[in-house]
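In: Let me see the structure of the following:
(2 chains)
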Protein chains: 2
Amino acid sequence: MIEDKNQQLTKLSDLGEFGLIDHLTKNFKLKQTSTIKGIGDDAAVLGFDNKKIVVTTDLLVEGVHFDLSYMPLKHLGYKAVIVNLSDVYAMNAKATQITISIAVSNRFPLEALEDLYAGIETAASIYNIDVVGGDTTSSNTGLLISVTAIGEVETNNEVYRNGAKPNDLLVVSGDLGAAYMGLQVLEREKEVYKVNPNSQPDLEQYSYIIERQLKPEARKDIIKLLNDLDVKPTSMIDISDGLSSEIIHLCKQSDVGCDLYEEKIPLDPQVITTCEEFNIDSTTVVLNGGEDYELLFTVSQSDFPKIKANPNLSVIGYIKEAKEGMHLVTRADSRIPIQAQGWKNFND
Amino acid sequence: MIEDKNQQLTKLSDLGEFGLIDHLTKNFKLKQTSTIKGIGDDAAVLGFDNKKIVVTTDLLVEGVHFDLSYMPLKHLGYKAVIVNLSDVYAMNAKATQITISIAVSNRFPLEALEDLYAGIETAASIYNIDVVGGDTTSSNTGLLISVTAIGEVETNNEVYRNGAKPNDLLVVSGDLGAAYMGLQVLEREKEVYKVNPNSQPDLEQYSYIIERQLKPEARKDIIKLLNDLDVKPTSMIDISDGLSSEIIHLCKQSDVGCDLYEEKIPLDPQVITTCEEFNIDSTTVVLNGGEDYELLFTVSQSDFPKIKANPNLSVIGYIKEAKEGMHLVTRADSRIPIQAQGWKNFND
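Out: Have a look, this model is predicted:
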């Protein structure tokens, strides 16, 4: 689909020396006062005064994390930034800079990389972060994107995974399961397309869940909201894998247990109808799906009045003593232990 | 050579969920006072008081940057760290932390990754840096390593590429061309091995140049030496590509020209004899080779007395006005314009 069959496109080998990263980033503007020197030297130089900095990194690999047959490159660039910013916000920090490295095969023309970087630039602009470094190299196959994100946080404002206490409320932003169901729809349409390349799918009824898969957002707004509400979570994590594994991370690192109430899990109507259509249980999707990039956090019960009326936040459970374990309390009021999923990436 | 044919080895898919990066890094010790939180949360948390920080990132791709048929994985891990630290030192900064991300195919057993991380740990220990984050994912083919390095520098101590002034001295640390010639020897032995797998090469006479290729060092010592000598370079860059392209970077960014004296280029005797054996011109190797990871910098003439007697430093030329251009002054006293090399990675 993006093979370089059009000879009007620009081969990467035509660009010559050292030009690619400069070419791709030349229109990027630096806006953060903490960015002293961006791209163009051996390293970027940053200054944060007395703030602490947070650093996180993620790899996205073609064929593992994305499929270019339905993921436009501009969206991919956007998403590669978002997944990293989400980790910064999960520390209760403000994202400030990123570096972007890509390994790319010769089958991509320059114009494809320009699309990718247009998505990166869009995300950088919307989230007000600077692109301050990167590396570009060839790969033997496919495309790989490595992003490192940097953020700043006032000392003592950072929130770790390990601060949840018994009786804290378990809270989630937004709604869950949509990105996973969007992926199921896209995978189905890909199979239909293989059989009949002239089919014109009507994806209108899946618009929300497909957008959640192809163009996720990071919850910068939730960090601001919590700050405005004067609520500091006791622990926090972003939901990149399924809800179950994120809950397990929080509980294990905090040495606590929890009850998660199935009936409290926030679901978009499109998730419910698409789960019915695919004959999948929506709770299973939420627990074991992924890529929601919502924030899961715990707050002291004393903060409940500040958050209870907010449509962006759902209280989905309670923290308990570690010895009580981690359970899903179903709509039928049975208690099922919450279990982690296997790591799908390395399956044979 | 490292395919998982030995069933006693541990398949990555056996490791289960989320265990790999923790397993590989569990023995890593944190030593930097600026590391507040390392691996194990959404992001690392760092605190640098009033210092500036520098950030740099590099990708190493199998088949492009390394060949596992002669590069042991432990050496590769070591080198992946070194090439990034070299960029930090080239800012006149102190390296403090790195993040390491790897994409790896199922053909690698766990034990291979343990070797890789043993090399990373060795480099981290020798250079006194903390590994504070990373990501581990599968790839469809081969191995890819993405490293981001972070360092600290007192405000106003950082050195950019753009500060060289006419009449400054052009100085290089160590000697040049050895890593490239080491690679030529290794490539030749690989071809011999293909024809006769029982051949036992005697590489003793190439020990230095092979070590420069397989186990390069970053010049942390030179940064300390310059500081001890109270010399602040006016510009600096590390030599990862050939000397010619690094000189061009310094001169273009500083808007100056230069004369580089061929007879002043520091060469190890093994480089000279191996160039003779391969019938390659040693100056061409130095200008267009790469991976020396030495530091190229400029100093004011007033600093000459401080550096002239040092065996680690060679004055190889002078900075001139931009309009005079960049030239190599040969042993025969002819002047040849210094030209950049094409970008080999993306050649068709």
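In: and A:Ala187, what helix or strand is that in?
Out: Quick fix: residue A:187 is Glu, not Ala. Taking DSSP states H and E as the criterion, A:Glu187 maps to helix A:178-195.
In: Name the next helix or strand downstream of that helix, please.
Out: helix A:207-214.
In: still on that earlier bit, buried ones in the helix holding A:Glu187?
Out: A:Ala178, A:Ala179, A:Tyr180, A:Met181, A:Gly182, A:Leu183, A:Gln184, A:Val185, A:Leu186, A:Glu189 (16 or more other Cβ atoms under 10 Å in any protein chain shown). For glycine as for every other residue, the C-beta is placed from the backbone atoms N, C-alpha and C.
In: Next, the contact list for the fourth one, please.
Out: Shown here is A:Met181, whose contacts under the criterion Cβ atoms under 8 Å, 6 or more residues apart in numbering or on different chains are A:Ile209, A:Gln270, A:Val271, A:Thr274, A:Cys275, A:Phe278, A:Ile280, A:Val285, A:Gly289.
In: if you set the cut-off to 6 Å instead, what comes out?
Out: A:Met181 makes contact with A:Ile209, A:Val271, A:Thr274, according to Cβ atoms under 6 Å, 6 or more residues apart in numbering or on different chains.
In: do the same with the third one
Out: By Cβ under 6 Å, 6+ apart, the residues touching A:Tyr180 are A:Val285, A:Gly289.
In: at 10 Å what do you get?
Out: Applying Cβ atoms under 10 Å, 6 or more residues apart in numbering or on different chains to A:Tyr180 gives the contacts A:209, A:212-213, A:242, A:271, A:274-275, A:280, A:284-286, A:288-292.
In: looking at it, A:Ala80 is touching A:Thr148, isn't it?
Out: No - checked against Cβ atoms under 10 Å, the pair A:Ala80 and A:Thr148 is beyond contact range at 11.2 Å.
In: shared neighbours of these two, anything?
Out: Contacts common to A:Ala80 and A:Thr148, judged by Cβ under 10 Å, 6+ apart, are A:Asp58, A:Ile98, A:Ile100.
In: How many neighbouring residues does the last one have?
Out: Put plainly, it is A:Ile100. 29 (other Cβ atoms under 10 Å in any protein chain shown).
In: got it, and the second one?
Out: When neighbours are counted by other Cβ under 10 Å, A:Ile98 registers 29.
In: Dump the helix or strand containing it to PDB, keeping only the CA atoms.
Out: Assigned by DSSP H and E, A:Ile98 falls within strand A:94-104. In PDB, the C-alpha atoms belonging to strand A:94-104 read as follows (Å, rounded to 0.1, in the frame of the first residue of the first chain):
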ATOM      1  CA  LYS A  94       3.800  18.000  32.500                       C
ATOM      2  CA  ALA A  95       5.200  16.600  29.200                       C
ATOM      3  CA  THR A  96       7.800  19.000  27.800                       C
ATOM      4  CA  GLN A  97      10.100  17.300  25.200                       C
ATOM      5  CA  ILE A  98      10.400  14.200  23.100                       C
ATOM      6  CA  THR A  99      13.100  12.500  21.000                       C
ATOM      7  CA  ILE A 100      12.000  10.400  18.000                       C
ATOM      8  CA  SER A 101      14.100   7.700  16.400                       C
ATOM      9  CA  ILE A 102      13.000   5.700  13.400                       C
ATOM     10  CA  ALA A 103      14.400   2.700  11.600                       C
ATOM     11  CA  VAL A 104      12.900   2.500   8.100                       C
END
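In: Measure how far it is from the centre of its chain, please.
Out: 14 Å (Cα atoms, centre = their mean, to the nearest Å).
In: How about stretch A:258-278?
Out: 20 Å.
In: Report the residue spans of chain A with pLDDT below the cut-off.
Out: Applying pLDDT under 70 to chain A picks out residues A:1-7, A:15-19, A:341-348.
In: how's it carved up into domains?
Out: As given by automatic domain parsing, the domain ranges for chain A are A:12-153, A:169-346.
In: winner for burial among those?
Out: Comparing these by mean neighbour count (mean count of other Cβ atoms under 10 Å in any protein chain shown), domain A:12-153 comes out on top with a mean of 22.
In: The strand holding A:Ile98 near chain B anywhere?
Out: Yes - interface with chain B: strand A:94-104 contributes A:Ala95, A:Gln97, A:Ile98, A:Thr99, A:Ile100, A:Ser101, A:Ile102, A:Ala103, A:Val104 (Cβ under 10 Å from any Cβ of the partner chain).
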